[in-house]
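A.B. asks: the following block contains a protein sequence and its predicted model.
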Amino acid sequence: MVTEACKKNHVTVNGQVAKPSKEVFATDTITFRKDQITHIITVLDVPENRVGAKLVDIYRKDETPAEAYQHLELLKLSKEHYRKTGDGRPTKKDRRDLDEFGNETITEDWDNIV
């Protein structure tokens, strides 16, 4: 996933477009775009070996502005308002119910209309 983003020039290190093999060092700033937010990460230290996901925060500092996360929440709310999740294409049963509703005949007494 990250390799593809690097190949598409979506990742920068210290303001320069990064290749997938780019080495990062302490105090480098990594910028990338994910979920309509431009994330800014500062490398605090580089571990000697691979570490688990729980320990990654020790080696990096997230400097993404809080306004970016608020903007993302606003986008999510606007999408929910536009179309509720799960309200996709009507099921076969829903279409039958709609057809029955549209085919109901109005039983009024047309002779008594003035």
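C.D. replies: Received the coordinates, thanks. Numbering: from 1, shown residues only.

A.B. asks: quick check: closest non-adjacent residue to the most centrally placed residue in the chain.
C.D. replies: Per Cα atoms, centre = their mean, the C-alpha nearest to the average position across the chain is that of Asp35, at 3.9 Å. Nearest residue to Asp35 in three dimensions, chain neighbours excluded: Leu72, at 6.4 Å (Cβ to Cβ, 6 or more residues apart in numbering). For glycine as for every other residue, the C-beta is placed from the backbone atoms N, C-alpha and C.

A.B. asks: re the thing from before, was I right about the residue nearest to the centre of the chain contacting Glu73?
C.D. replies: No - contact criterion Cβ atoms under 8 Å: Asp35 and Glu73 do not qualify, at 11.2 Å.

A.B. asks: distance check, Gly15 against Gln36.
C.D. replies: Using Cβ to Cβ, to the nearest Å, Gly15 is found at 21 Å from Gln36.

A.B. asks: please read the previous query as pertaining to Arg96.
C.D. replies: Distance from Arg96 to Gln36, by Cβ to Cβ: 39 Å.
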